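>>> A structural model of the following input is requested.
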Amino acid sequence: MQGHDAIEQVAARFINGSNIENGTNFLFPYVNSKTFVPECVLPLRVKWRADAEKKDRIIVSCEETKHAKPQNRWDVTLPVFSN
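Below is the predicted model:
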């Protein structure tokens, strides 16, 4: 299983970079303790999620795990809050 710490670390780096670049003050997200995903064999990727509800969210993605489909990739959506 992918550790929550790894997901939170890439999310925090992404948010920190975005805060510096855009002059925002978003708080680092946390991963729900009920989230379980297979370990990723590639570096995790992060991007902003386009949200019709206008809520700030990011997606942490894994492009490849050691598992067969449909567990060969995953996305975790995290809410982001302004301080």
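>>> what about E63, distance to N72?
9 Å (Cβ to Cβ, to the nearest Å). All C-beta atoms are positioned from the backbone trio N, CA, C, and that covers glycine.
>>> Spit out the contact partners of F81.
26-27, 29, 56 (Cβ atoms under 8 Å, 6 or more residues apart in numbering).
>>> For it, list each beta-bridge partner.
Counting by DSSP bridges, F81 is bridged to L27.
>>> For the remainder of this discussion, apply numbering that starts at 15.
In the new numbering, first residue 15, that becomes F95.
>>> where exactly do the strands run in the chain?
40-41, 59-62, 71-76, 88-93, 95-96 (DSSP state E).
>>> could you check the angle strand 88-93 makes with the third one?
Going back to what we said before, that points to strand 71-76. 160 degrees (axes from the mean of the first three to the mean of the last three Cα atoms, to 10 degrees).
>>> By neighbours, which of the contacts of F95 wins?
P43 (22 neighbours; other Cβ atoms under 10 Å).
>>> ok, that residue - contacts?
So P43 contacts 22, 25-26, 29, 72, 92-95 (Cβ under 8 Å, 6+ apart).
>>> distance of it from F28?
According to Cβ to Cβ, P43 and F28 sit 10 Å apart.
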